[in-house]
Every structure is written in structure tokens, then in C-alpha cells.
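[1] Need a 3D model of the following:
(2 chains)
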Amino acid sequence: MNYFSIFKGRTRALFTDFTSLAIIITAVGVSIFISQSSKTEVIQSIPIELVNEDEGYLGERLADILSAEEGFEFNLDSYEEAVKAVAENRAQGLIVIPEDFSQKIWDGNYESLIKLNVMADSYEMKAFTERVINDVIKVWSEVLIEKRLHEYGNLEEPDYEEYRKEVAEIWKGESLLDVNTIMMTENKSEDKEEATYFGIRWYAVFAMFYLCISGTWMCNYSGTSLLKRVSGRGGNISLLFIFQSAPGVLVSILGFIPVLITSGHPHPLKVFLAFIFYICSAAAFALMTCSLSGKFSNLVLAAPILTMAASLISGLLCELPDWAAVWDLFSCILPGHWYFNSIFDKPFFIGSVIITVMWFAIGLFTSWIAGIKKRRG
Amino acid sequence: MKIFSFIFYDIKRLFGHGKTAFLAVFSPIPVIIMFAVFLAPMIVSEKGLAVSGAVLNEDDSEMVKQLMNLTINYEIDRGNLSMYPVKTTEIGKKLVSDGKVAVFLYVPAETYITTMSGEKVTIDFYYAPSHAFEALIFEEGIKSSLSVFGQGIRAVYVAADIAKRHGLSDEDFYRIWNDGVNDLIDIYIHRGRTIGKDGMFLFGGSYHFRYMVALLFTACAFFSSFPIMYLTSLDLSETFKKRSISDKRLFAYFISRIISGAVLIMFAFLIMFPVARLIKQIKFNFALSVLAGVVLLSFTFSSLAVLIGSIFKKGQSALWAGLYFGTVSMVGVTFLSDKTGLPLPVTFFMRISPFRAGVSIFSNAMYTLMTERYVMDMLVLLGAFVVFFIAGFVIYRKRSAL
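    Numbers count the residues shown, from 1 in each chain, chains lettered A, B, ... in the order given. The predicted structure is shown next:
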């Protein structure tokens, strides 16, 4: 039995099937981008419409303070234009400073000083309301303190001007009271910006998806003439699967190398070894997925869901919450769990080996069952 | 055969298409459940986002004590926070490491005196990575508000200094100072009221939660349209290729496929809504506006699926195209739809994207409805439906004639 010709045939098929190959190429690009973007601060601006109808001068003061907010781009417009911009998705939020804004602040009336309308179709908007409130608070504080100065009575207009100027600088500068955010991991405190290695974690997710979705040959694996021919010639079914899967596995490993290099992981060889075990298990996982799907129209629906479920529970997509202790326990049977351990310097080797063997057996068994069902059907 | 018979027959075909239709309709369930379980503490909590924490305040000044009490007690009363005082930083950190609390707040000694003297003070905020979701929302609120409070103290300092230069006595200086800081605390505890809400923190903490629900609903609805693509492609490559069909009949087939496809997608919605509603705290309104959005989105995705299915001769290629289109649209909506400075064509496509409009309709209509945005999104969907419908039929007709 010439397994090498099977390997060659599958490699040729893989490289000519650009639709599935595009997934791994995209995965490499996206993963490298994630690795790099997590190292550099990306400044993005979300457009916000601002309507200033205030009859006093404090509305303008608020607009000045708001414009210093990083990550948001404030456009001063009429109410009609602002609403139109939000409606047309040219802006994600609308702030209206009403005509009595200054009057209310001078009167000490803090109820509904501004009108705020936030579109909840952007992840970045979660902190927006807090920031707007704080900026209103700044104007309010400024006026209250100025009122205290008026009570003193000995000051003239240039003194108030000096006060306003200095306070404007304070709002732009540092606070006297700051919060230092520290992430705790296993009794160690780490800086918030500590590497999470999302690049190599998410590449593993993409690679598993790629093996599943490019595995249409596995959908009919049990029923194809190839299998019959191999069995007829006394070939080994396990070896057939290994040689058929090998090109996809190799492509995934080759794609992993640049992602790993750009991730800046301190122990790349260890992670690389863990990835080899992971991707072999993922190939067997793909065999199970494809065998259960039976045809491509089912696979295209099942592959994203199963890949997402396996990756989420393994902690590859995002950190597993600790209330999900059952998940953590369950994820031991998933290849991603051990790969995740290797990235974060936890024991992985024995677990990876056992899981690879286990998934290999599960894959072949599922394929065998699917074959029996198909033949009976 | 009348049009209703066509539709009925096509629905039977679509739903009878083995596992595929079953998967398409029921696949959102595990996705929603996974999503819900992942955010379990937030979802099962009666009050939504609840954060448990430990606090160590080493500053014995009345001002900081008052500030901490006001800040924390208010949120405890609202059920957003449960705080446990600890005696040492080690205990606090250990509670976080062991996962017993989500956050630990440490206020160092002489915080008030140090800020009074114009020097900077840092409060430490520890959190567990497994609680990053709710901890960082809380952190965002406390950080920005404390920071403004700290800046306010500097403003008081400046005012008092100017007054002192004009002959203010020490006694009056401290009076201005204390009154100023008291004013700040007063403002601080009423900060939510500036936008007509109660409380101090966590305003907008649920925006991204709403956004995720909307994104999930739209993505699941699109993936439910895969059997439509597949079956349309198969029909045009096999059945319609073998015999000639009159234009009128072909149009009836085309319409039936779009209607039956929309029914399939609506079935997915029918399953998604109750499942999502069963999970506590995924609160949303199932208003008429949502219903209209569901119907139009189903028709738009159905006509898009028929268009994709008509373009590709092989069912498999149509599915690949659908997969790529869905993924690119999802990624675009997630990362680009709210950004400025993008190339003009990208901005334009994001604006007219039915996917973006779908997410926007759900995140808007299921919560606080902004009518102008809703109407515009519905028009985008309607426009997309018309374009897909016309283009779809032209290609459908051309392919069947071959």
C-alpha cells in the first residue's frame, strides 16, 4: 500500500482548493495582527454628535472638555443634523446640552443636565456614559468652586479668568487621585497589560476550524471507494487517515511558525511542541465532526459551532471564568486545554499525549459508526 | 399550481432537507446557552452586573471614610456590589487569587492629607482574570469618577491659593477648602442624576451586553439561511436545467423560495427568542418594532441566500461564498462599523450593510428605541432586499434558461 501517493494526492487537492486554504492564510494574517496590535496602543475614534443649545457659556465649556476625550470624535451640529447622523450610522451617540444648562448649574439644580442617547451597537460604548458624566461633573465642580470664590468677595474678573484658565489645564492634566489596576494570577499580581497571547490562542481556534471545514473528504470517509480500495488491498485504516490528514496538519503547523515568532512568547519551542499535539488532536476532532455531519451543507453549520464550543470551553477564545469549574474539569478532554496550559507555563506534555491518542480513537470510532449507518441507510 | 401551493411545497422541501434545516433552525440554541453560561454571574444575578469585592482603607481621615462609605454603600444598596472589609493587603489579594471575590480595593494611609498637600496618590485595584468582565466595568466607573474627584481637589487648591494671595486668612482658606471638597462630594454622589439616572457607577455597563445579544441574533439568522443557498444552487444545477420552465412559473418558484426561506429564518428567531428570554437578565422588549425587524431581516437574508445560491453552480461553492460573506460581514460589523477614518468604500459598505442594519435594529429596538435610527435601518434592509431580489431573479432566470 503506497501511503505516500495518498499523501501526495491529498496535498495536491488541498493546495488547489483555494476556498479552504484561504481560511488558514487569513488565520495567519489575523493572528499576527492580533499579536502585534496587543503590543501597540491603537487609537480609534468613535464619532459622537454634540448639540449645544445652551444660552450661557458653560455649554461651550462642556464641549471643550468633551473634545479632549481620547477615543471619541465629537462633531458639533444642529439637532436635526445630529439626529440624521446617528440615524445614518455616521455617529454612535448623541449628546444634547439644553438651553438651560448654564442656568441649572448656577442654580445648583443637577437633575438631567444633559440628554444622552447612546447606540448599543458598538462594544466601545461601554465606558462612554461614565466619561460624559465626569465631564459634566467637571463643569459643575468648576462653577461651584468659583461660587465659593465669589462668596469671599475680594476678587476681580482677572482673578476669575486666572482661576478658569488654571482649572482648564487641570482637567487636561493628571488627577491627584488615581487608580492602579492590577490583574491577579495565582497569588501573583500582574500589570493589566500583561501578555495574553491571543494571537497564538486564536490561531489554534482558526486552525481547528480549517481542519474541520476543509475535511469534506472525511464526510464520506467511511463510504468512499478509497476506503474500500485500501481495505481491499489490506491497508491500514488508521494509517490512511494519518496520511490523508497530514497535509492539512502540516499547512497549519507552517502557518503557526510566523504567528508564534511574532507573539513574543518566552518559551516558543515548548508552545510549538504543544501545538503539534494540539493540531493532531484537532485533526481527529475534525474527523469526528465531519463523520457526524455527513455532508458539506451540514458541516458548514456544525463546524463553526463545534469549533467555537471546544475553544471556548478550553479557554482559548477567552479566559475561563472560575465559577465554571465544571467546564474547566470537562475541558481536560479537549485538546485546547493542554495547549492553553503550555502557553501559560503549566504542565501539558502527558495530558497532550493522552488526549491525542484518545481523540484519534474517538475520530476513527465515530467514522466507523457513521460508515455502518451509511451502509445500512 | 397556485403560489400558495408552491410556497407550501417549498417549505416542505426546505424543512425536509434532512439534518441541514434542523441544524440551521436549532444551531442558535447551543450558541446562546454557551454565551449565557459564560456570563453566568451577571445573568443569574437579580440585579444584573453584581461585583463582589474586598476593601482595605488604611486612611483614617473622616473625608475618605465618608467618601468610601458613600461610594460603596450606595452601590451595595442597589445590589450592584457586595464589599467585605479586610485587615491586610495580603488577605485581600488572596481572596482575589482564590476567586472568592472579584476585586480588591486598597486605599493607602494618608490619602487625604497627601492630596491636600497637592501630591498624587494611587489607589490599588486588584482583580481576578476570570472576573475581568464585570471587574473592569466596575474599574472603569470607579477610576474615572475618582480621577475627576482628584482633579476637583486640585481645582479647589487653585481657588484657595488665588484667594490667599488676596489676603485670605488661614481660617477662611480652610473654610473655602473644606466647603469646596464638601461640594465635590455632594456632586460626586449625585453624578448619575446629571443624565437623569440614579446611582454612581455602571452606567452603560450593559451596552456591550445588548450589542452582543444583537450580534448573536443576526449572525444566527444569517447562518440559518445556508440551506436556502444550498437548495437553490442544487435546483438550478439539476431540476431547472433539465426542463424548460415558463417565466411566470419560474417567478412563482423564485418567490416561493424567498418566502419559504424567510419562514425558515423566522423559525430560527422563534426558537432564539424564548431561549434567550428564559435566561434571566437577558431582558429585552419584544415590541412590534422588533417583530417588523425580524420579518424584514428574514426576507433580506432569504433573498441574499437565493442570490448567492443562484450565482454558484455548485452547492458547495455557494456555501463557501455564504460562509465568507457572513464571516467578513460579522468581522466588519464587530470591528469597523463604529470607527472613523476608514477608507470611503469601507465606510459606505458598512453603512449599507444589511448585517450592520440587522444588529443595529435589534440593539436599538429591543432596548431603548431611537425611532430615526430604526427607520433608517429598516430602509437599508428594504433597499438591500430589493437589490438582492432583482439581482437574484435576473441570475436565477439566466441560470435556469441555460
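
[2] which residues touch residue A:3?
    In this structure, residue A:3 makes contact with A:235, A:239-240, A:242-243, judged by C-beta atoms under 8 Å, 6 or more residues apart in numbering or on different chains. Every C-beta, even on glycine, is put in place using the N, C-alpha and C of the backbone.

[3] Between those, identify the one with the most neighbours.
    Ranked by neighbour count under the definition other C-beta atoms under 10 Å in any protein chain shown, those are headed by residue A:243 with 22 neighbours.

[4] So that residue: helix, strand or coil?
    Three-state call for residue A:243 (DSSP: H, G, I helix; E, B strand; the rest coil): helix.

[5] Could you check which residue of chain B lies nearest chain A?
    Taking C-beta to the nearest C-beta, chain A has its nearest neighbour within chain B at residue B:150, 2.8 Å off.

[6] And that residue, how close does it get to residue B:157?
    With the distance defined as C-beta to C-beta, to the nearest Å, residue B:150 ends up 11 Å from residue B:157.

[7] Check residue A:370 too.
    When distances are taken as C-beta to C-beta, residue A:370 and residue B:157 turn out to be 75 Å apart.

[8] What are the boundaries of the strands in chain A?
    In chain A, strands defined by DSSP state E lie at A:46-52, A:72-76, A:93-97, A:115-118, A:177-185, A:188-191, listed in chain order.

[9] between these, which one is nearest to chain B?
    Distance to chain B, taken as C-beta to the nearest C-beta, is lowest for strand A:177-185 among the strands of chain A, at 2.8 Å.

[10] Can you spell out which helices and strands pack onto that closest one?
    For strand A:177-185, the packing partners by 3 or more C-beta pairs under 8 Å, 6 or more residues apart in numbering or on different chains; DSSP states H and E come out as strand A:188-191, helix B:89-97, strand B:121-127, helix B:132-165.

[11] and which of the contacts of residue A:3 is nearest to residue B:3?
    Taking C-beta to C-beta as the measure, residue A:240 is the one of the contacts of residue A:3 closest to residue B:3, at 51.1 Å.

[12] Now do the buried residues in stretch A:270-278.
    By neighbour count, and taking 16 or more other C-beta atoms under 10 Å in any protein chain shown as the criterion, the buried residues in stretch A:270-278 are A:271-272, A:274-278.

[13] Ok, stretch B:258-276 next?
    With the criterion 16+ other C-beta under 10 Å, stretch B:258-276 contains buried residues B:258-269, B:271-273, B:275-276.

[14] Could you do stretch A:24-33 as well?
    Of the residues in stretch A:24-33, those buried by neighbour count under the rule 16+ other C-beta under 10 Å are A:24, A:26-28, A:30-32.

[15] can I get the residues you listed in a markdown table with pLDDT and distance to residue B:96?
    Putting these into a markdown table (pLDDT from 0 to 100; distance: C-beta to C-beta, whole Å) gives the following:
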| residue | pLDDT | distance to residue B:96 |
| --- | --- | --- |
| A:24 | 78 | 39 |
| A:26 | 80 | 38 |
| A:27 | 78 | 35 |
| A:28 | 83 | 37 |
| A:30 | 77 | 33 |
| A:31 | 78 | 31 |
| A:32 | 80 | 33 |
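
[16] Looking at chain A, which residue reaches furthest from the middle?
    Each residue of chain A has a distance to the centre, and by C-alpha atoms, centre = their mean the biggest one is for residue A:154: 58.0 Å.

[17] Tell me the confidence at that residue?
    We note a pLDDT of 72 for residue A:154 in this prediction.

[18] Surely it is in contact with residue B:166?
    Yes: if you go by C-beta atoms under 8 Å, residue A:154 and residue B:166 touch, sitting 4.8 Å apart.

[19] all helices for the stretch 151-300 of chain A, in order.
    Counting by DSSP state H, counting those that start in this stretch, the stretch 151-300 of chain A has helices at residues A:157-172, A:198-213, A:216-219, A:225-232, A:237-263, A:268-293, A:296-314.

[20] Tell me which of the ones you listed sits nearest to residue A:361.
    Ranking the helices of the stretch 151-300 of chain A by proximity to residue A:361 (C-beta to C-beta) places helix A:268-293 first, at 8.1 Å.

[21] For the chain, name the helix or strand with the lowest mean pLDDT.
    Let's take chain A. Each helix and strand of chain A was given a mean pLDDT (mean pLDDT, DSSP states H and E); the minimum falls on strand A:188-191 at a mean of 50.

[22] Hmm, no, I was thinking of chain B.
    Of all regular secondary-structure elements in chain B, judged by mean pLDDT, DSSP H and E, the least confident is helix B:40-44 with a mean of 52.

[23] rewinding a little: quick one, what contacts the residue farthest from the centre of chain A?
    Residues touching residue A:154, when contacts are defined by C-beta under 8 Å, 6+ apart, comprise B:163, B:166-168.

[24] Then residue A:261?
    When the contact criterion is C-beta under 8 Å, 6+ apart, the partners of residue A:261 are residue A:268.

[25] Per-residue pLDDT of residue B:266, please?
    Per-residue confidence for residue B:266 comes out at a pLDDT of 90.

[26] check which helix or strand covers it.
    The secondary structure element spanning residue B:266 is helix B:247-278 (assigned by DSSP states H and E).

[27] ok, that helix near chain A or not?
    No: judged by C-beta under 8 Å from any C-beta of the partner chain, helix B:247-278 makes no contact with chain A; its nearest approach is 11.2 Å.

[28] the strands in chain B, which residues?
    Counting by DSSP E, residue ranges of the strands within chain B are B:51-57, B:81-85, B:103-107, B:121-127.

[29] which other helices and strands contact the first one?
    Applying 3+ C-beta pairs under 8 Å, 6+ apart, one finds that strand B:51-57 makes contact with helix B:62-77, strand B:81-85, helix B:89-97, strand B:103-107, helix B:132-165.

[30] Quick check: the gap between residue B:333 and residue A:229.
    Using C-beta to C-beta, we find residue B:333 at a distance of 47 Å from residue A:229.

[31] tally of neighbours for the nearest residue to residue B:297 once chain neighbours are set aside?
    The shortest distance from residue B:297 to any residue that is not its chain neighbour, by C-beta to C-beta, 6 or more residues apart in numbering or on different chains, is 4.9 Å, and that residue is residue B:358. Counted with other C-beta under 10 Å, the burial measure for residue B:358 works out to 31 neighbours.

[32] which residues touch residue B:358?
    Applying C-beta under 8 Å, 6+ apart, the residues near residue B:358 are B:214, B:217-218, B:221, B:293, B:297, B:300, B:377, B:381.

[33] I'd say residue B:323 and residue A:300 touch.
    Yes: counting by C-beta under 8 Å, residue B:323 sits close enough to residue A:300 to count as a contact (5.8 Å).

[34] Quick check: neighbours shared by the two?
    With contacts defined as C-beta under 8 Å, 6+ apart, the residues adjacent to both residue B:323 and residue A:300 are residue A:213.

[35] more neighbours, these two?
    For residue B:323 versus residue A:300, neighbours defined as other C-beta under 10 Å are more numerous around residue A:300 (28 against 20).

[36] Could you check how far that one is from residue B:306?
    Distance from residue A:300 to residue B:306, by C-beta to C-beta: 17 Å.

[37] Check residue B:363 too.
    Taking C-beta to C-beta as the measure, residue B:363 and residue B:306 are separated by 27 Å.

[38] Those two - which one has more neighbours?
    Set side by side, residue B:363 and residue B:306 show unequal neighbour counts under other C-beta under 10 Å, the larger going to residue B:306 at 30 against 27.

[39] List the residue ranges of the stretch 301-402 of chain B that fall below the pLDDT cut-off.
    Across the stretch 301-402 of chain B, the ranges flagged by pLDDT under 70 are B:337-341, B:401-402.

[40] So which bits of it are right by chain A?
    Of all the residues in the stretch 301-402 of chain B, those lying near chain A are B:315-317, B:319-320, B:322-324, B:334, B:337-341, B:350-351, B:356, B:359-360, B:363-364, B:367-368, B:370, B:372-373, B:375-377, going by C-beta under 8 Å from any C-beta.

[41] Of those, grab the buried ones for ChimeraX.
    Paste this into ChimeraX to select the buried members of these, with burial taken from 16+ other C-beta under 10 Å:
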select /B:315,316,317,319,320,322,323,334,337,338,339,350,356,359,360,363,364,367,370,372,373,376,377
